[in-house]
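# Please work out how this folds:
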Amino acid sequence: MEDLIDDVTKGLKGCSIEGLIDVLTTLGLPEDKVSVGKERGRSELVRLVKKHLYSDEMADSEDRGEATWKMVADAIGTKGEVMETKQETEVASSPLTIGRAQPETTPWRREFKISGQVGEAGQRERLSFMSLIHQIERGKERGYADEEIVDAVIRAMAPGLTLRAYLESKPQLNLPTLRRLIRSHYQEKEAMELYHELSRAAQGQRESAHDFLLRLLALKQKIMFVSKEAGSSFHYNGSLVENMFRHSALTGILNEGIRNDMKPYLNDSAASDEDLLEKVNLSANNETERLNKHKRRTPAQVNTVQETPEAKIDMNSIHKEIKALIRAEIAAIRDGNPAPVRESTAQRDNVTLLQGSPTTV
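Here you go, the predicted model:
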């Protein structure tokens, strides 16, 4: 089965447009889809054939789609045969199997799919830019063709998305072009802007040192990715970005204790990202433990309020004495013979206390 898949894959690459149309007709695809594929070109016809062969329907069938693969092989004129037993060491000769440049295709491989959905930029419940790019890179590492990856990305876009409608109508769409369009859709910054952001990064007041370091690591990876993209106006080498990352981490950590603990590791170029994350987590835990110990040792301060003797004076008696003095002065004025009113030191103190000024003796 593996050799059959290889033969068909190689045969599709050399098949003419008319031959591909015959294959699609043999597979029973609707005429409208075949017509659309013909308008978009040969690559679209190949994509439609592969989409049918790698579909879940084929993989779940009783013979795992072997009969369909053989039918396609006959339609494109391949002559390869499937090995019947493990003891056979030779396979029937076929011009399509000579000089294979592609990696061997895994039998029963399902079609490539993107996990998640691509939506508008900024939607938290949708796929992020870096998550989508990571899945694209994984697909390439697993040997999927660029056409399959492009088709999977388009299928992962939300229905009604303007970008999806544009990509579906764009002829001869290749993977590098798709990646540039995706970056524009997510409104990702250029490499120069990201590098400037990395140089000015600092830990937030409510951000832990561990989260701050993770944010810098993600920013570093994004700079490296954007720099390698086709059409990027600025290209930063790895050592330059790495040095700026370590400098920003060292100068951006808020806590002095954690900063001093991390200094030897950030200055060590051999320390990996994983080592830095482990060390900053350990340092933060030690700093928290140290602060908790000092809090337990600090004696509690109790503020006491002492009442002065003046505060204990009965305010009612003070008011009565003042009223009596005022009545005596008024009576003396009416009699036309004002006499000096003598007051005791205690009375003066009481009046002064009511006025709120210090007593002068």
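
# Near the spatially closest residue to residue 75 that is not a sequence neighbour, how many other residues are there?
Using CB to CB, 6 or more residues apart in numbering and skipping residues adjacent in sequence, the residue nearest residue 75 is residue 23, 4.8 Å away. Every C-beta, even on glycine, is put in place using the N, C-alpha and C of the backbone. Counted with other CB atoms under 10 Å, the neighbours of residue 23 add up to 27.

# can you confirm residue 23 is in a helix?
Yes - membership of residue 23 in a helix is supported by DSSP: H, G, I helix; E, B strand; the rest coil.

# measure it to residue 335 for me?
Distance, residue 23 to residue 335, by CB to CB, to the nearest Å: 134 Å.

# Same check on residue 75?
138 Å.

# re earlier: check contacts around the residue nearest to residue 75.
Applying CB atoms under 8 Å, 6 or more residues apart in numbering, we find residue 23 in contact with 15, 49, 72, 75, 76.

# Can you report how many residues lie near the first one?
Residue 15 has 23 neighbours, counted by other CB under 10 Å.

# Just give me the neighbour total for the closest residue in space to it that isn't next to it in sequence.
Sequence neighbours aside, residue 76 is the residue nearest to residue 15 in space, at 5.0 Å (criterion: CB to CB, 6+ apart). Number of residues near residue 76 (other CB under 10 Å) recorded here: 21.

# Now flag whichever of the contacts of residue 23 is closest to residue 197.
When the contacts of residue 23 are compared for distance to residue 197 (CB to CB), residue 49 wins out at 45.2 Å.

# In contact with that closest one, which residues?
With contact taken as CB under 8 Å, 6+ apart, residue 49 is in contact with 12, 20, 23, 24, 27, 72.

# Grab the nearest non-local neighbour of the fifth one.
It refers to residue 27. Nearest to residue 27 is residue 52, by CB to CB, 6+ apart, at 5.3 Å.

# ok, and for the helix or strand encompassing that neighbour, which residues are buried?
Assigned by DSSP states H and E, residue 52 belongs to helix 42-53. For helix 42-53, burial by neighbour count (16 or more other CB atoms under 10 Å) applies to 42, 43, 44, 45, 46, 47, 48, 49, 50, 51, 52, 53.

# wait, which of those residues is closest to residue 3?
Ranked by distance to residue 3 (CB to CB), the buried residues of helix 42-53 are led by residue 53 at 15.0 Å.

# Contacts only, for the closest one.
With CB under 8 Å, 6+ apart, residue 53 has these contacts: 8, 65, 68, 69, 72.

# Report the two of these separated the most.
Greatest spatial distance among the contacts of residue 53 (CB to CB): 8 and 65, at 10.9 Å.

# more neighbours, these two?
Higher neighbour count among residue 8 and residue 65: residue 8, with 26 against 22, using other CB under 10 Å.

# Relative to residue 320, how far out is that one?
Distance of residue 8 to residue 320, given as CB to CB: 116 Å.

# And for residue 224?
For residue 224, the distance to residue 320 equals 89 Å [CB to CB].

# cool, residue 142 as well?
Residue 142 sits 100 Å away from residue 320, going by CB to CB.

# Neighbour count for residue 224 and residue 320, which is higher?
The neighbour count for residue 224 versus residue 320, taken as other CB under 10 Å, is higher for residue 224 (16 against 11).

# count of residues packed around the nearest residue to the more buried one once chain neighbours are set aside?
In this structure, residue 224 finds its nearest non-sequential neighbour in residue 241, 6.0 Å apart by CB to CB, 6+ apart. Around residue 241 sit 20 other residues, with neighbours defined as other CB under 10 Å.

# Residue 241 against residue 198, yeah?
Yes - counting by CB atoms under 8 Å, residue 241 does reach residue 198; the two are 7.5 Å apart.

# one step back: can you tell me which of the contacts of residue 53 comes closest to residue 286?
Among these, and counting by CB to CB, the member closest to residue 286 is residue 65, at 58.8 Å.

# what separates residue 111 from residue 253, distance-wise?
As defined by CB to CB, residue 111 lies at a distance of 46 Å from residue 253.

# These two: which has the busier surroundings?
Legend: neighbour count by other CB under 10 Å for residue 111 and residue 253, higher for residue 253 (24 against 18).

# so who does the more buried one touch?
Residue 253 neighbours (CB under 8 Å, 6+ apart): 203, 209, 212, 259, 262.

# now with 6 Å?
203, 209, 259 (CB atoms under 6 Å, 6 or more residues apart in numbering).
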